[in-house]
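Asker: Have a look at this prediction, sequence included:
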Amino acid sequence: MPDTLYYGDNLHVLREHIADESVDLIYLDPPFNSNANYNILFKSPEGQSSDAQIEAFEDTWHWNDKAESAFDEVMRSGNSDAAELLRAMRQFLGENDMMAYLAMMAVRLLELRRVLKLTGSLYLHCDPTASHYLKLLLDGVFGPERFVNEIIWRRYGAHNDVGQGSRHFGRVHDVILFYSRTAARTWNQVFGPYDHDYVSSTYRYDDGDGRKYTTTPLTGPGGAEKGNPVFEWNGHTRAWRYNRATFEKLDSEGKLHYSRTGYVRQKLYLDEAKGVPAQDLWSDIASLSGAMQERLGYPTQKPLALLERIIAASSNEGDVVLDPFCGCGTAIHAAHKLGRQWIGIDVTHLAIGLIEKRMQDAFPGIRMEVKGRPQSLDDALNLAKRDKHQFELWALSVVEAVPWKGGRKGADTGIDGIIYFKPDGKRTEKAIVEVKGGGVGVKDIGRLAQVMERERAPIGVFLTAQPPTRAMERDAASVGVWTQEETGRRFPRLQILTLAELFQGKRPDIPWIDTGAVKKAKREDTGKQGTLL
């Protein structure tokens, strides 16, 4: 089960695949925001944004039959506290988007509690829009006594939106709600960095080699009456914290500091200090900037440091970490880096493909299982029959194409996706991708050729579930070839690929793929793990 990506609705995956009390730590960042650009997966080199994740959730948080069904399931769950809270919320809020979100979340939180071990913890990441409602829900699901912390993560320095007419204080933080299954939760104290002013004022000494240190008394608390050893050291007799042998050891190691009068104190080196125990206000972990290598083109992507802190604090090596809304996979990336097992769930093929690529880039040779997406030609054909839209997104992810207009359903423009490439490493070209899961014919080839001309694309790729006819192959060949100026290499302009060929490992024949649209994750060095803050 662990180290597994699941494609599908997390409610279904939890019920069908995740056993009771099998998970040590859950982190979830469920999408809910009125910002139209909430979850952008890709941005093309031409500057066109693609909000495919919005498409995946745009119908989810409206009051409809699904929301009513989720509400009813909570009423019949047997958890009367959660049911009564949700019923009261419906009375207050009515049947709107927020209520739909809360109903959908409530039924999932009940399942998440079920799969959590008795020593396990759950961290729910949200913004102030819904955090107060979610905290009430978590009180109902876990019990108010299982509340541990409301963590405030300051993700921005400041919002200078006064010029746009804002009439509120700057909104610069997220909320992370921390609950545990029982009082016997796994806990490892983690530390944050010292404040610069504190370091400057406290670590005032050095040995001449650049190592900063401060000092601490060596006298024993309570004096001789508390059993502290009394002896003379360097002309000063006191009741000391340690015995003479320990003093001699510290002295031989150069860890004693002497005043002008010869009085002794112990050296505490800055480079050996653990730091400040982490509090419930996290201002030392900044959000990602576009220039950082960690950035993958996913605006709601969270920094690895944030997830590393959570995972280090509430799990141990070998434990199982679950992220049921895994998005671009930061939680499972951090879990793998820290030696944990992991389970990720997402409802879009686009996200699953992105996460798989991210993990392979960061951890070459990683062994992981992807469930719920086509593993054979028959699986792909079945998906094409069940859900044409998701079939298209899956096929595009296989050839690393960016979905056109974010993969949103709508009028067919003859473009399902685009593969960006740079034949000379500088200028960006594009290959138009069209996906067909049903019957095909020569008209489809002619139409793709027209779209290529309209878009001035040197290459077109026609992905088809059905084998092409000879007439289709003839018409594709008649579109001609495109020559790469730098190498003189010739490429068929209109290429036909079948699903069968995709499963055999064949891919479009184009020059170097541009990684600007789907950024490459930094390769992790798993052979060592530095100090975790």
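Answerer: Structure received. Bear in mind that the values here come from a model prediction, so they are computed numbers and not experimental data. Numbers count the residues shown, from 1 in each chain.
Asker: Where does residue 445 fall, secondary structure wise?
Answerer: helix 442-455 (DSSP states H and E).
Asker: Can you tell me which helices and strands that helix packs against?
Answerer: strand 429-436, strand 459-464, helix 470-478, strand 494-498 (3 or more C-beta pairs under 8 Å, 6 or more residues apart in numbering; DSSP states H and E). (Glycine included, C-beta is placed from N, CA and C.)
Asker: Now tabulate those in JSON lines and tack on distance to residue 383 and mean neighbour count.
Answerer: Formatted as JSON lines, the helices and strands packed on helix 442-455 follow (distance: least, C-beta to C-beta, whole Å; neighbours: other C-beta atoms under 10 Å):
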{"stretch": "strand 429-436", "distance to residue 383": "12", "mean neighbour count": "24"}
{"stretch": "strand 459-464", "distance to residue 383": "13", "mean neighbour count": "25"}
{"stretch": "helix 470-478", "distance to residue 383": "23", "mean neighbour count": "15"}
{"stretch": "strand 494-498", "distance to residue 383": "15", "mean neighbour count": "21"}
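Asker: just so I know, which of those lies nearest residue 372?
Answerer: Nearest to residue 372, of all the helices and strands packed on helix 442-455, is strand 429-436, at 19.3 Å by C-beta to C-beta.
Asker: Would you check that residue 502 makes contact with residue 463?
Answerer: Yes: between residue 502 and residue 463 there is a contact at 7.4 Å, judged by C-beta atoms under 8 Å.
Asker: so what sits against both of those two?
Answerer: The contact sets of residue 502 and residue 463 overlap at 395, 399 (C-beta atoms under 8 Å, 6 or more residues apart in numbering).
Asker: And the contacts of stretch 228-248?
Answerer: Contact partners of stretch 228-248, identified using C-beta under 8 Å, 6+ apart, comprise 217-224, 226, 250, 256, 258, 262-264.
Asker: quick check, nearest of the residues you listed to residue 477?
Answerer: Nearest to residue 477 among the contacts of stretch 228-248: residue 250, at 82.5 Å, using C-beta to C-beta.
Asker: and that closest one, that one's in a strand?
Answerer: No: secondary structure assignment (DSSP: H, G, I helix; E, B strand; the rest coil) places residue 250 in helix, not in a strand.
Asker: so who does the closest residue in space to residue 490 that isn't next to it in sequence touch?
Answerer: Beyond its immediate neighbours in the sequence, the residue positioned closest to residue 490 (C-beta to C-beta, 6 or more residues apart in numbering) is residue 481, lying 4.6 Å away. Contacts were defined as C-beta under 8 Å, 6+ apart; by that measure residue 481 touches 490-493.
Asker: Now a ChimeraX select for only the buried ones of these.
Answerer: In ChimeraX, this line selects whichever of the contacts of residue 481 come out buried by 16 or more other C-beta atoms under 10 Å:
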select :491,492,493
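Asker: Among the contacts of residue 481, which lie within strands?
Answerer: Judged by DSSP state E, strands contain the following of the contacts of residue 481: 490-492.
Asker: any idea whether residue 120 is helix, strand or coil?
Answerer: When the rule is three-state DSSP, residue 120 gets the label strand.
Asker: Can you tell me the closest non-neighbouring residue to residue 368?
Answerer: Nearest non-adjacent residue to residue 368, counting by C-beta to C-beta, 6+ apart: residue 3, 4.9 Å away.
Asker: do residue 393 as well
Answerer: That would be residue 349: by C-beta to C-beta, 6+ apart, it lies 4.4 Å from residue 393.
Asker: any idea how far the one you found is from residue 366?
Answerer: To residue 366, residue 349 is 20 Å away according to C-beta to C-beta, to the nearest Å.
Asker: closest to residue 304 among the ones in strands among the contacts of residue 481?
Answerer: residue 491 (38.1 Å).
Asker: Residue ranges in the chain under the pLDDT threshold?
Answerer: Applying pLDDT under 70 to the chain flags residues 1, 33-60, 159-163, 289-293, 297-299, 405-412, 425, 512-519, 526-533.
Asker: Now for the residue nearest the centre of it: which residues touch it?
Answerer: Central residue of the chain (C-alpha atoms, centre = their mean): residue 330, 2.6 Å from the mean position. Applying C-beta under 8 Å, 6+ apart to residue 330 gives the contacts 301-304, 306-307.
Asker: got it, and residue 431?
Answerer: Contacts were defined as C-beta under 8 Å, 6+ apart; by that measure residue 431 touches 401, 418-419, 421, 457-461, 508, 510.
Asker: what's the most distant pair in the residues you listed?
Answerer: 401 and 458, at 15.3 Å, using C-beta to C-beta across those.
Asker: Mind checking which of these two has more residues around it?
Answerer: residue 401 (28 against 20; other C-beta atoms under 10 Å).
Asker: Surely the more buried one touches residue 417?
Answerer: Yes: counting by C-beta under 8 Å, residue 417 is a contact partner of residue 401 at 3.5 Å.
Asker: any residues in contact with both of these two?
Answerer: Common neighbours of residue 401 and residue 417, using C-beta under 8 Å, 6+ apart, are residue 433.
Asker: Could you check the angle the helix holding residue 445 makes with helix 470-478?
Answerer: Per axes from the mean of the first three to the mean of the last three C-alpha atoms, to 10 degrees, the angle that helix 442-455 makes with helix 470-478 is 20 degrees.
Asker: for helix 442-455, which positions count as buried?
Answerer: Per 16+ other C-beta under 10 Å, helix 442-455 contains these buried residues: 442, 444-446, 448-449, 451-452.
Asker: Which single one of these is nearest to residue 152?
Answerer: Out of the buried residues of helix 442-455, the member with the shortest distance to residue 152 (by C-beta to C-beta) is residue 451, at 49.6 Å.
Asker: Which of the three states applies to the nearest residue to that closest one once chain neighbours are set aside?
Answerer: Nearest residue to residue 451, sequence neighbours excluded (C-beta to C-beta, 6+ apart): residue 414, at 4.0 Å. The three-state label given to residue 414 by three-state DSSP is coil.
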